[in-house]
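A.B. asks: Sequence below, structure please.
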Amino acid sequence: MSTTREILFVGVCAVSHLMTQAALGQALVPIDIIASDFGSVSSGQLSWFIAGYSLTVGTFIMISGRLGDIFGHKRVFAFGYAWLGMWSILAGFTAYVRSQIFFDICRAMQGIGPALLMPNALALFGRAYAPNSIRKNIVFSIFGSLAPAGFVIGGTFGSLFAQLAWWPWCFWSYGLTAFGLSAFALLVIPRSLSDRPSVKPKFDWTGAFLIVAGLVLVNIAFNNGPLYGWGVPHVYFILIIGLLCISFFIWVELRATNPLLPVRALNSTVGFVLALVGLGWGAFGVWVFYTVRFLQHVRNESPLTVAAQFSPAVLAGLVAAGMTGFLLTHTPVSFVMMASMIAFLAGTLVAAFQPDEQVYWAQTFVSIVVMPFGMDMSFPAATVILSNHMPQEHQGLAASLVNTVVNYSISIALGIAGTVEVYAPGSEDVVTANRNAHYSAVGLAGFGVIFGVLFFVKSFMREGWKVMGH
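C.D. replies: Okay, the predicted model is just below:
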C-alpha cells in the first residue's frame, strides 16, 4: 500500500471502534430525555438502553470473526457498517412508536453492527501487518485510543440533538455516517485483504447456536435480576438454562471438526488475559453508567454539560495510546496488563468516594482522565497477545475473543451493579444507591489488580523481563 492508501485503510478500520463507543454515548448521556418519550421508565429498564446494545456486541462478535475467516474480512466489515446504519435509523423512528421495548430491540440489533465491525477490523490489521511488528503495535494502539473519543463524540451529539432539537436526529445522522463508511471501506481496503481462503472452512452451526443462546440467556438473567428480583423463578431458570447452553457449547467444541472456538488451543495465558479484560472493562461499564447518572441526578448537570465534562478523556486516551505503544515494545505485555488493571481500580476508587457537592476538578476530572489508561492499555495488549497466539486463518477469532469479553462484561457488570443498587441497604436514597453501584465497580477492578499482579509474577518467573521483538 502507498502511504496515503495505508492512512485511509487504518482510518476506516480504526474508526469502527469510535463508532462503537459513539453508539454507547449517544444513548447514555441523554438517556433521560430519550426515556421521557416512552413514558414511565424505571432505573432497571433504563440500564437496558445500554445493556441491550452491549449484549449483542459481545455475543455476536465471536461468530462474526469466524464469518470473516470464511467469507472475507473486508466483505463482512463493510456489511457491518451497513447493518449498523440501518438499525440506527430504525432506532430513531421509535420516537413515533413510543415503545421502550421496540427501542431496546433496535438497540440490540444495532449492536450486531459493531460485532461485525471490530473483530474484522482487527483481523484486517492482523493480515496487513507482520506479527510482532512495530506497525502492528501502533495500529492496535490507534484502534484502542479512539474508544474515549467515540464515547465523548456520541454523547456530545446525542445531547446536542436531544436538548436543542430532537433526539432521533442523532440516530439518523449516525446511521447516514455508517452508510458512508460502508461505501468508503469498499473503496480503500486493499483487494488482497478480501481474498477468501482457498479451502472454505465450514461453519459450526451447533456451536454458534449454543454460544449465542447461552450468552443471551445469562445476560438477560443478570439484567432482569434488578427488575424482578432473583427470587422470581423465571430469572434463575433462565440463568440455569444459559449456563447449561455454555457448558454444552464447550463440550461440542472439544469434539467438533471445525470448532467455532478451538478450546484446545487456548492456554492459561489466554485465560488470564481474558479474565483481566473482563474484570477491567466490567468495572468500566459500571463506572461510566453510574458516573453519568451521578452527575445528572445528584449534581443536576445537563446532558451537554456531562458530555463536556467527559471531554478530557479524548486527550487522555491519545496519551494513553502513545504510552501503550511505547510500553508494548519496552516492557513485558504482562506488565502492561497489570498497569491497566491498576488504572481501572484508581479511576473507580476516585469516582466511588467523590462527595455530592464538590468542584468538578477535584475528583470527577481525575477519574475521567485516569480511566482511559485502563481502557487503552488493556485492549491493545490483550489483542496483541491473542493475535500473536493464533494462526493466520484464525485472526478473526483472536480479535473476536477480546471484543467479546470487553462488551459482554460491560453488560453483565451493569446487571450486577443494578442488583447492588436495588437491594443494598440505603437503596431508597439516590446518592447511596449510586455509591453502592460504584462499589461493585471497585470490587471488580480490585479483583482485576489481584489477578494482574499474579499474571505478571507468573510470567516474570517463567520468562523473566521478556520484551516482544519488533
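
A.B. asks: use CA for all of it now, contacts and neighbours both
C.D. replies: Noted.

A.B. asks: Could I get the CA-only coordinates of stretch 249-268 as CSV?
C.D. replies: Extracted C-alpha coordinates of stretch 249-268, given in CSV (Å, rounded to 0.1, in the frame of the first residue of the first chain):
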residue,chain,number,x,y,z
PHE,A,249,-21.0,-25.4,23.8
ILE,A,250,-17.6,-26.2,25.4
TRP,A,251,-18.4,-30.0,25.2
VAL,A,252,-19.3,-29.6,21.5
GLU,A,253,-16.3,-27.5,20.7
LEU,A,254,-13.9,-30.1,22.2
ARG,A,255,-15.3,-32.7,19.7
ALA,A,256,-16.0,-30.5,16.6
THR,A,257,-14.0,-30.9,13.4
ASN,A,258,-14.3,-27.2,12.6
PRO,A,259,-14.9,-25.6,16.0
LEU,A,260,-16.1,-22.1,16.3
LEU,A,261,-13.8,-21.7,19.3
PRO,A,262,-10.7,-24.0,19.3
VAL,A,263,-10.9,-24.6,23.0
ARG,A,264,-7.8,-26.9,23.0
ALA,A,265,-5.7,-24.1,21.6
LEU,A,266,-6.4,-21.8,24.5
ASN,A,267,-3.8,-21.9,27.2
SER,A,268,-3.6,-20.5,30.7
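
A.B. asks: contacting residues around that stretch?
C.D. replies: Applying CA atoms under 8 Å, 6 or more residues apart in numbering, the contact partners of stretch 249-268 are 62-63, 66, 201-204, 206-208, 210-211, 397.

A.B. asks: which among those end up buried?
C.D. replies: Neighbour-count burial (16 or more other CA atoms under 10 Å) is assigned, among the contacts of stretch 249-268, to 62, 63, 66, 203, 204, 207, 208, 210, 211, 397.

A.B. asks: Now for the residues you listed: which two are most distant?
C.D. replies: Spanning the widest gap among those are 210 and 397, at 17.0 Å by CA to CA.

A.B. asks: Helix, strand or coil: sort out residue 260 for me.
C.D. replies: Look at residue 260: counting by DSSP: H, G, I helix; E, B strand; the rest coil, its state is coil.

A.B. asks: Now it. Its backbone dihedrals?
C.D. replies: Main-chain torsions, residue 260, degrees, to the nearest 10: phi -70, psi -40.

A.B. asks: Taking the centroid of the protein, which residue is nearest it?
C.D. replies: Central residue of the chain (CA atoms, centre = their mean): residue 407, 3.4 Å from the mean position.

A.B. asks: Can you tell me the closest non-neighbouring residue to it?
C.D. replies: Once flanking residues are discounted, residue 407 sits nearest to residue 58: 4.6 Å by CA to CA, 6 or more residues apart in numbering.

A.B. asks: Could you measure from that neighbour over to residue 404?
C.D. replies: Here residue 58 is placed at a distance of 4 Å from residue 404 (CA to CA, to the nearest Å).
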